[in-house]
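Visitor: compute the structure for the input listed below.
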Amino acid sequence: MTEATPGERVALPCPACSPDLETVHEVLKPGGHVTVRCTDCDHVHKEQLPEETTLQRDVVVSQDGESFTAQVDVPEDADLAVGEEFLLETEEAVLTVRITSLETDEGREEEASVEAVETIWSRAVGNVAVNVTMHPKDGRHDETESFKLQVPGDFEFVVGETEAFGDEEFTVEGIHVRDDAHGYDHKKMDFDGDSAVAKDINRLYVRDESSTAWSAW
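Guide: Numbers count the residues shown, from 1 in each chain. Got it, this is the predicted structure:
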């Protein structure tokens with residue numbers, strides 16, 4: 001049974017003013033038979049909401065350099081697009097994943113109806129590993145260090161701000177965002193105040209601010 005919440009708007013025939021055509025109704029009380037009010041004539045009545053038909057689709061999830069396959073039920077009238085996020089329930093955990101590609105019988109697509117989709121390709125974005133390239137305080141770029149940071153996907157990095165993670169302390173100097181990230185004017189950002197959340201970042205470029213001495217050995 002489709003779940004409804006108070007205040008939700010649904011399309012139903014009204015026995016008082018429109019028995020043959022659907023009108024907009026407001027849900028007053030959820031339940032097996034929901035109590036609704038017609039917004040055209042204010043008639044209150046009870047109705048059983050129609051079942052929502054879903055289609056099961058395979059989901060390939062990329063996480064920390066590895067991948068696994070799961071299944072998800074999607075409303076059959078839904079449209080999917082690269083960049084959209086959804087909750088995926090697996091036996092091990094509930095993950096937030098972002099669509100990176102949609103596989104249809106025509107090949108990989110950016111957008112497609114769920115009916116046309118055979119496999120949803122995605123990556124986990126609830127907790128992510130951010131690639132970091134760090135150079136010394138003195139500005140030398142011939143002695144850089146690369147590592148990964150494990151952070152929540154919504155953690156924000158800002159160019160010009162200093163962050164500390166354990167023994168690592170650094171100032172963000174540049175951000176390169178991922179191809180599937182949306183809402184950014186540029187893929188590469190290096191002006192103070194530019195920012196991006198971790199799940200959108202392909203690589204961080206930072207300057208070391210820790211007290212650990214650098215060595216060529």
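Visitor: the residue sitting nearest the centre point of the chain and R123, how far apart?
Guide: The chain has E85 as the residue nearest its centroid, 3.0 Å off, counting by CA atoms, centre = their mean. Distance check for E85 against R123: by CB to CB, to the nearest Å, it reads 10 Å. Where C-beta positions appear, they are placed from N, C-alpha and C, glycine not excepted.
Visitor: ok, which stretches of the chain are helices?
Guide: Using DSSP state H, the chain contains no helices.
Visitor: for G193, see how far away V206 is.
Guide: For V206, the distance to G193 equals 16 Å [CB to CB].
Visitor: ok, now E66?
Guide: Distance from E66 to G193, by CB to CB: 35 Å.
Visitor: okay, domains of this protein per the record?
Guide: 9-47, 54-124, 128-208 (automatic domain parsing).
Visitor: take the ones you listed and write them to JSON lines, including mean pLDDT.
Guide: Output for the domains of the chain, formatted as JSON lines (pLDDT from 0 to 100):
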{"stretch": "domain 9-47", "mean pLDDT": "90"}
{"stretch": "domain 54-124", "mean pLDDT": "92"}
{"stretch": "domain 128-208", "mean pLDDT": "92"}
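Visitor: pretty sure V94 sits against L87.
Guide: Yes. Using CB atoms under 8 Å, V94 is in contact with L87, at 5.9 Å.
Visitor: what about E22, neighbour count?
Guide: The number of residues packed around E22, counting by other CB atoms under 10 Å, is 11.
Visitor: partners of it in the sheet?
Guide: P13 (DSSP bridges).
Visitor: not counting residues beside it along the chain, what's closest to T90?
Guide: Spatial nearest neighbour of T90, chain neighbours left out: A70 (5.0 Å); criterion: CB to CB, 6 or more residues apart in numbering.
Visitor: S113 too?
Guide: Per CB to CB, 6+ apart, closest to S113 is D79, 5.4 Å.
Visitor: need the residues touching each of E85 and R123.
Guide: Common neighbours of E85 and R123 are listed as 97-98 (criterion: CB atoms under 8 Å, 6 or more residues apart in numbering).
Visitor: quick one, what contacts the nearest residue to N131 once chain neighbours are set aside?
Guide: Using CB to CB, 6+ apart and skipping residues adjacent in sequence, the residue nearest N131 is R203, 4.4 Å away. Neighbour list for R203: 130-133, 175-176 [criterion: CB under 8 Å, 6+ apart].
Visitor: now these in a markdown table, with distance to C17 and neighbour count?
Guide: Below are those laid out as a markdown table (distance: CB to CB, whole Å; neighbours: other CB atoms under 10 Å):
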| residue | distance to C17 | neighbour count |
| --- | --- | --- |
| V130 | 57 | 21 |
| N131 | 60 | 14 |
| V132 | 63 | 21 |
| T133 | 66 | 16 |
| I175 | 56 | 25 |
| H176 | 58 | 18 |
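Visitor: residues making contact with stretch 88-98?
Guide: Contacts with stretch 88-98, where a contact means CB under 8 Å, 6+ apart, come from 59, 61, 63, 70, 72, 83-87, 122-126, 153, 180, 199.
Visitor: same check, this time on stretch 7-24
Guide: Contact with stretch 7-24 is made by 4, 25-27, 34, 36, 38-41, 43, 45, 47, 49, as judged by CB under 8 Å, 6+ apart.
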